[in-house]
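Trainee: Sequence and predicted model, in that order:
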Amino acid sequence: MIKPILKTVYKKKEAWICILFSLFPLLLIITSFLPTNFMQVGGDVGALSCIEFIDAVFGVEFQMILPGIAFMYLIVTCMHDEIKKGILYIYKDISYNKVILNKTLAFICWFFIFSIVLIISSIITYYLYIVNQDYSSGTFLASNTEDMKYVAISFIGNYLNCIVNIVIVSVISITLGNGLTLVIGIMFNLFGVIASDLEKIRYVFPSGYLKVYDGIGFIKTLFIIVFISFIYILLSILIAKRNINRIEF
């Protein structure tokens with residue numbers, strides 16, 4: 001079922017708005033020809049590798065919130081609106097659990113496509129523009145192991161936080177209105193952005209371990225990040241199964 005559902009998703013204008021955000025790094029090349037300080041990148045001489053630039057771009061997209069809102073709006077239009085309008089009834093011969101699961105997987109697939117385009121546009125920007133700057137190392141990988149660990153914790157934490165948010169928004173949009181769903185999704189995203197600076201709640205967000213992984217250990221931190229994400233997704237699935245049974249047409 002995921003293939004036809006994904007076809008429905010990519011026909012939505014909201015889906016292509018999401019993809020437009022993945023081209024954000026290319027703006028660096030454009031703004032380099034303009035007399036402005038907007039989107040200027042800097043750093044120590046020879047310090048910035050391509051993979052660190054990719055992580056930095058993804059971090060900026062994560063902090064911007066706007067790409068997240070675009071994805072959330074895509075989800076509620078494909079999930080809650082179809083339930084409210086009775087469109088989901090066309091799947092009457094198929095388990096609603098299966099329909100909702102495949103819709104959620106379709107959103108995750110679209111986020112994966114967004115991420116691939118974002119990475120490609122970041123690589124293009126790096127090797128067309130950044131590589132010519134004095135703060136660029138000109139290499140793809142970071143110069144030392146510690147920098148690579150930092151990139152891994154940062155990227156994986158932010159990425160899984162986005163996946164969890166997609167799942168949560170998909171689940172709560174089954175029963176809640178679009179406005180309340182967007183508010184909850186935005187709040188989760190906001191707390192995910194600042195989680196590493198919040199001592200008391202950083203440990204409940206996949207993105208909250210950036211400043212403490214040295215004390216915990218790199219491998220152990222990766223395991224914890226994945227485990228937390230799994231728990232969120234598992235609880236969301238259980239809640240979804242209960243809420244799906246309340247759907248009426």
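Mentor: Cool, got the structure. Numbering: from 1, shown residues only.
Trainee: For whichever strand or helix holds S229, buried residues please.
Mentor: In the assignment (DSSP states H and E), S229 maps to helix 218-244. Using 16 or more other CB atoms under 10 Å as the test for burial, helix 218-244 gives 218, 221-222, 224-225, 228-229, 232-233, 236, 240, 243-244. Quick note: C-beta positions are derived from backbone N, CA and C, even for glycine.
Trainee: okay, and for the chain, where does confidence drop off?
Mentor: Applying pLDDT under 70 to the chain picks out residues 1, 32-43, 85-96, 245-249.
Trainee: Buried ones in stretch 116-131, by neighbour count?
Mentor: 117-119, 121-123, 125-126, 129-130.
Trainee: And the contacts of that stretch?
Mentor: Stretch 116-131 is contacted from outside by 19, 21-26, 28-29, 32, 41, 48, 50, 53-54, 57-58, 61, 136, 138, using CB atoms under 8 Å, 6 or more residues apart in numbering.
Trainee: List buried residues within those.
Mentor: 19, 21-22, 24-25, 28, 32, 41, 48, 50, 53-54, 57-58, 61, 136.
Trainee: Figure out the helix or strand that the residue nearest to the spatial centre of the chain lives in.
Mentor: By CA atoms, centre = their mean, the chain has its centre lying nearest to C162, at 3.3 Å. In the assignment (DSSP H and E), C162 maps to helix 145-172.
Trainee: Helix or strand next in line after that helix, which one?
Mentor: helix 178-194.
Trainee: what about that next one, distance to the chain center?
Mentor: 13 Å (CA atoms, centre = their mean, to the nearest Å).
Trainee: buried set for that helix?
Mentor: Buried residues in helix 178-194, counting neighbours by 16+ other CB under 10 Å, are found at 178, 181-182, 184-186, 188-189, 191-193.
Trainee: which of those sit farthest apart?
Mentor: N178 and V193 (22.2 Å; CB to CB).
Trainee: Kindly indicate which of the buried residues of helix 218-244 lies nearest S207.
Mentor: Distance to S207 across these (CB to CB) is lowest for I225, with 8.3 Å.
Trainee: which one is the closest one nearest to, not counting chain neighbours?
Mentor: Excluding its sequence neighbours, the residue lying closest to I225 (CB to CB, 6 or more residues apart in numbering) is P206, at 4.7 Å.
Trainee: Is that neighbour in a helix, a strand, or coil?
Mentor: State at P206, reduced to three classes by DSSP: H, G, I helix; E, B strand; the rest coil: coil.
Trainee: What does it show for phi and psi?
Mentor: The phi and psi values for P206, taken as degrees, to the nearest 10, are phi -60, psi -30.
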